[in-house]
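Q: Pasting the sequence and the predicted coordinates here, then a few questions.
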Amino acid sequence: MLLLTNIRDNKDRVLSGLKKRNFREAADLVEAVLEQDKARRTIQVQRDDASAELNTLSARVGGLMKEGKKSEAEQLRAQIGGKKDAIKTLEDELKAKESKVQELLYKIPNVPADKVPAGTGADDNMNVHQHGTIPVLDEGSLPHWDLIRKYDIIDFDLGTKISGAGFPVYKGQGAKLQRALINFFLDEADRQGYREVQPPIVVNEASGYGTGQLPDKEGQMYFVNADGLYLIPTAEVPITNLYRDVIMEERDLPVRNVGCTPCFRREAGSWGAHVRGLNRLHQFDKVEIVQICKAEESYNTLEVMCTYVQGLLEKLELPYRRLLLCGGDMGFNSAMTYDFEVFSAAQERWLEVSSVSNFETFQANRLKLRYKNKDGKMELLHTLNGSALALPRIVAAILENNQTPNGINIPGVLRPYTRFDRIDLHS
RNA sequence: GGAGAAGUGGGUGAGUGGCUGAAACCAACAGUUUGCUAAACUGUCGUACGGGUUAAACUGUACCGGGGGUUCGAAUCCCCCCUUCUCCGCCA
């Protein structure tokens, strides 16, 4: 959520920023917010004045009672009675205006950072870094959805039976590969100084609002009706919400947390040609890094997080590229996002395996996540997060890129974790 | 799930209808003193949204777990909800 004061004071900057998102309603929404806010302030002045008067009169009643001037007190009391309705009305109007302003603010996405290019979609993203060589596969090489069948390591049919489409069952070496990747990612993060956390994977409504999944993406989350809880779409939600309503000590900054959780995505109506196999699932595991830092450090932090993600991909020996997302392709909450894509050789496609974002104060404003700065003033912190990494597409790329006639080679860095070097038919 | 108790500022904790935005203590911050550290002393010490000002000063309202209600007036009384603790039950 944007800061109202920011919209008020920097309207033009906000508007030109939002333009990069190709967000058509921006101008109307900003106008509407400012208008409603102005009306709100007018009402607040009236309400405050009326309440002040009531408070003064009430105090006078108290004084008269004390002095024993009962009849005068009674008189005044009767006089006050009539004013209460007016205050009540103003109070209600104020609340209505406040929620109107709030509602509008919820609809305005974050303002992209200066460096973010304008654009409407994936074609306008900037390829800012590429690494590794695209493997050339032998004749007869298979896409991962065939490989998992051949080696019997991931089973979609079983998942469909017990849950539904998009809930695969990992078996044998497939399950071990998953576990190996998770441990590898967590160990790497640990080495970089991230604190490991295991948060709940269902969250309440307030948490959904805190990180911005609500009200925007309500339909994309699984919802446990009986308890009013949402299954998390990413560990970002619980881990960032750890800091909701928190005033940090400066000495405890920056906060660096890592967690691995299952992620649940309904992805309603998004099934199509490119979602076969592991490319898009309803449930998958992801290791997420989350940082909270001071405003002046956040873009440096974003860079550091990206470098870290690149290191992981290089250790896994996967060819990848790093994209700076254009305004039109960025998520609602983000001010700047880099996507990381690995090349999946049999599909001959780039697959997104990580998204690293700086939200600036967009989440912190909702979370009320602040610290007291040098001047003793409350200041919103910046939140960032990134996948490090999402499992399924990494698995897909490893399987496809490393396939040989004799089996699938496990990247060297994972072998201490898998305790096998190759996925083959005899295991 | 059943019974009881409790939720106050960064912390401990006082406060059962007006003089309480809230005592006291601790922590924190600034300063004085001291050869350093420590101690002592003095002062400051909530947040949000407004008004006001070039900026301040100054000033209004709201907030004592959350939401309603009673009252001229609520941290204080009433109702609902949430959370925590204790006991019982159940259970990986």
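A: Perfect, I can see it now.
Q: right, is the lowest-mean-pLDDT helix or strand in chain A up against RNA strand B?
A: Sorting the helices and strands of chain A by mean pLDDT, DSSP states H and E puts helix A:70-81 at the bottom, at a mean of 82. Yes - judged by C-beta under 7 Å from any atom of the strand, helix A:70-81 comes into contact with RNA strand B at A:77, A:80-81. From N, CA and C alone the C-beta is placed, and that goes for glycine too.
Q: ok, and does the helix or strand following that helix reach over to RNA strand B?
A: Of the helices and strands lying after helix A:70-81 in sequence (DSSP states H and E), the nearest is helix A:83-106. Yes - residues of helix A:83-106 contacting RNA strand B under C-beta under 7 Å from any atom of the strand: A:Lys84.
Q: which residues touch whichever residue of the stretch 201-350 of chain A sits closest to RNA strand B?
A: Taking C-beta to the nearest atom of the strand as the measure, the stretch 201-350 of chain A has A:Ile247 as its residue closest to RNA strand B, at 6.4 Å. Residues in contact with A:Ile247 (C-beta atoms under 8 Å, 6 or more residues apart in numbering) are A:370-372, A:378.
Q: For the residues you listed, pick the one with the most neighbours.
A: With neighbours defined as other C-beta atoms under 10 Å, the most crowded of the contacts of A:Ile247 is A:Tyr371; it has 21 neighbours.
Q: Just confirm that residue contacts A:Lys377, I think it does.
A: No - assessed by C-beta atoms under 8 Å, A:Tyr371 is found out of contact with A:Lys377, at 9.8 Å.
Q: Is it correct that A:Gly17 is in contact with A:Lys115?
A: No - using C-beta under 8 Å, A:Gly17 makes no contact with A:Lys115, being 11.5 Å away.
Q: Would you map the helices across the stretch 1-150 of chain A?
A: A:4-9, A:11-19, A:26-67, A:70-81, A:83-106, A:144-150 (DSSP state H, counting those that start in this stretch).
Q: per-stretch mean pLDDT over those, give me the minimum one.
A: Lowest mean pLDDT within the helices of the stretch 1-150 of chain A: helix A:70-81, at a mean of 82.
Q: before we move on, the earlier item: redo the contacts of A:Ile247 as CSV? Include pLDDT and secondary structure.
A: What follows is these, written out as CSV (pLDDT from 0 to 100; DSSP: H, G, I helix; E, B strand; the rest coil):
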residue, pLDDT, secondary structure
A:Arg370, 90, strand
A:Tyr371, 89, strand
A:Lys372, 84, strand
A:Met378, 86, strand
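Q: and of those residues, the nearest to RNA strand B?
A: Among these, and counting by C-beta to the nearest atom of the strand, the member closest to RNA strand B is A:Met378, at 3.8 Å.
Q: Just to check, A:Thr361 is in contact with A:Leu380?
A: Yes - counting by C-beta under 8 Å, A:Thr361 touches A:Leu380, with 4.1 Å between them.
Q: shared neighbours of the two, which are they?
A: A:3, A:295.
Q: More neighbours: which of these two?
A: Shown here are A:Thr361 and A:Leu380; by other C-beta under 10 Å, A:Thr361 has more neighbours (23 against 20).
Q: Look up phi and psi at the more buried one.
A: Main-chain dihedrals, A:Thr361, degrees, to the nearest 10: phi -100, psi 10.
Q: and A:Asn365, what is it in contact with?
A: Per C-beta under 8 Å, 6+ apart, neighbours of A:Asn365: A:1-3, A:380.
Q: of these, closest to RNA strand B?
A: When those are ranked by distance to RNA strand B (C-beta to the nearest atom of the strand), A:Leu3 comes first, at 7.7 Å.
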